[in-house]
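Student: Task: produce atomic coordinates for the following.
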Amino acid sequence: MRVDRIEDDIWIFHGDFYESVATVFVHKGNALLIDALGSDADAQWMREYIERDLQAAVKMIVMTHYMSDHLAALRLFPGAQILAHRDYLYTYLSQRHRTQDDDARYVAPTATYSQEVSLTWGARDIRVFHNPGKTFCATAIDVPGCDLVFCGDALVGNIAYIGSSAPSLLDSGLANLERLHRGRIVPGHIGMLGAGAFSHARIYLRRLGAHVRACQDADAIAEIPIEACLAPGVQPVPFEVEWHGRNLGVIAERRVFSIGHHAGRIAAVYA
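Tutor: I've put the predicted structure just below:
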């Protein structure tokens, strides 16, 4: 577990569990938290740091999406308002590996939104908006004043994880984020990325799809190397390699990329 200060009022927490990330904005002893880490140990460490070292009390938590590897600290701040997209429960219940322990620790949001919310925290103007991609409830948080955007699981490093979504929906969400032209990107895992990450993830999806369509069977799909799918000049980190492997399993199981890749041509006919 570690913490990095990226602005005078902003700290990023890097959890040990799944490298989940949470971020805190502090103003006059009040804290706004984005996401809530993935394990009790990480969450406890973060709470102690915020309360002891930053001398702040968490008053609001904004969730990028409602999956268990980002919810651990919610029950540690019972007085905080929790904001999530209105489809949060669909996402939570759709998790393939949800456990009884997850349900025991579950905390519902205290407020939901449908399209967009504007917040002010100290000197920071914050735009919260719906941006479905990996999940239907996916929320992006844009902070233009410090060239920063939070994107949850829209990407995993320089790749995208398909999960139960569709490549076209993932790409659409990434394109929305790419158009913001932010220089600093904070996803739900690994840590802060540079401006090219959204473009890199879109290239990965396109190249992955092309390789999958050239394969004859699931065994061939399982052998697609991550290096063949990455954007030029990008070197994979272990976390990306792991989730690329998960992508290959999902693709073979659900026959992803086997349908739908002619949608653009069909749409043009009916335009």
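
Student: Wait, a strand at residue 191?
Tutor: No. Residue 191 is assigned coil when assessed by DSSP: H, G, I helix; E, B strand; the rest coil, not a strand.

Student: count of neighbours near it?
Tutor: A count of nearby residues for residue 191, using other C-beta atoms under 10 Å, gives 16. Quick note: C-beta positions are derived from backbone N, CA and C, even for glycine.

Student: For it, which residues are in contact?
Tutor: Applying C-beta atoms under 8 Å, 6 or more residues apart in numbering, we find residue 191 in contact with 4, 12, 14, 19, 21.

Student: Could you do residue 105 as well?
Tutor: 40, 68, 71-72, 74-75.

Student: mind listing the helices for this structure?
Tutor: 40-48, 88-93, 100-105, 167-178, 197-213, 218-222, 238-254, 263-270 (DSSP state H).

Student: I'd like the ones you listed laid out as JSON lines, including distance to residue 136 and mean pLDDT.
Tutor: Converted to JSON lines, those look like this (distance: least, C-beta to C-beta, whole Å; pLDDT from 0 to 100):
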{"stretch": "helix 40-48", "distance to residue 136": "25", "mean pLDDT": "98"}
{"stretch": "helix 88-93", "distance to residue 136": "6", "mean pLDDT": "97"}
{"stretch": "helix 100-105", "distance to residue 136": "19", "mean pLDDT": "93"}
{"stretch": "helix 167-178", "distance to residue 136": "9", "mean pLDDT": "97"}
{"stretch": "helix 197-213", "distance to residue 136": "18", "mean pLDDT": "98"}
{"stretch": "helix 218-222", "distance to residue 136": "26", "mean pLDDT": "95"}
{"stretch": "helix 238-254", "distance to residue 136": "17", "mean pLDDT": "96"}
{"stretch": "helix 263-270", "distance to residue 136": "19", "mean pLDDT": "37"}
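
Student: Minimum distance to residue 8: which of the ones you listed has it?
Tutor: Nearest of the helices of the chain to residue 8, taken as C-beta to C-beta: helix 40-48 at 19.1 Å.

Student: which of the contacts of residue 105 has the most neighbours?
Tutor: Per-residue neighbour counts (other C-beta under 10 Å) across the contacts of residue 105 peak at residue 72, which has 26 neighbours.

Student: Look up the closest residue to that residue, ignoring the ones flanking it.
Tutor: residue 43 (4.0 Å; C-beta to C-beta, 6 or more residues apart in numbering).

Student: separation between residue 215 and residue 66?
Tutor: Using C-beta to C-beta, to the nearest Å, residue 215 is found at 34 Å from residue 66.

Student: who touches the nearest residue to residue 76 once chain neighbours are set aside in this structure?
Tutor: Once flanking residues are discounted, residue 76 sits nearest to residue 47: 4.8 Å by C-beta to C-beta, 6+ apart. Counting by C-beta under 8 Å, 6+ apart, residue 47 makes contact with 58, 73, 76-77.

Student: Repeat that for residue 25.
Tutor: Counting by C-beta under 8 Å, 6+ apart, residue 25 makes contact with 9-10, 31-34, 121-122, 124.

Student: and of those residues, the nearest to residue 211?
Tutor: Closest to residue 211 out of these is residue 34 (34.3 Å), distances taken as C-beta to C-beta.

Student: Next up, the contacts around residue 149.
Tutor: Applying C-beta under 8 Å, 6+ apart to residue 149 gives the contacts 140-143, 177, 180, 182, 184-186.

Student: got CSV for the helices of the chain, with distance to residue 154 too?
Tutor: Supplementary listing: the helices of the chain in CSV, determined by distance: least, C-beta to C-beta, whole Å:
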stretch, distance to residue 154
helix 40-48, 21
helix 88-93, 13
helix 100-105, 22
helix 167-178, 5
helix 197-213, 8
helix 218-222, 24
helix 238-254, 13
helix 263-270, 21
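
Student: now for those, which one comes closest to residue 62?
Tutor: Of all the helices of the chain, it is helix 88-93 that lies closest to residue 62, at 11.8 Å by C-beta to C-beta.

Student: and the closest one, C-alpha only, in CSV?
Tutor: Taking Å, rounded to 0.1, in the frame of the first residue of the first chain, the C-alpha atoms of helix 88-93 are listed here in CSV:
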residue,chain,number,x,y,z
TYR,A,88,-25.1,0.6,-10.0
LEU,A,89,-27.0,-2.5,-8.8
TYR,A,90,-27.1,-4.1,-12.2
THR,A,91,-23.3,-3.9,-12.3
TYR,A,92,-22.9,-5.2,-8.7
LEU,A,93,-25.2,-8.2,-9.3
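
Student: Okay then, goodbye and thanks.
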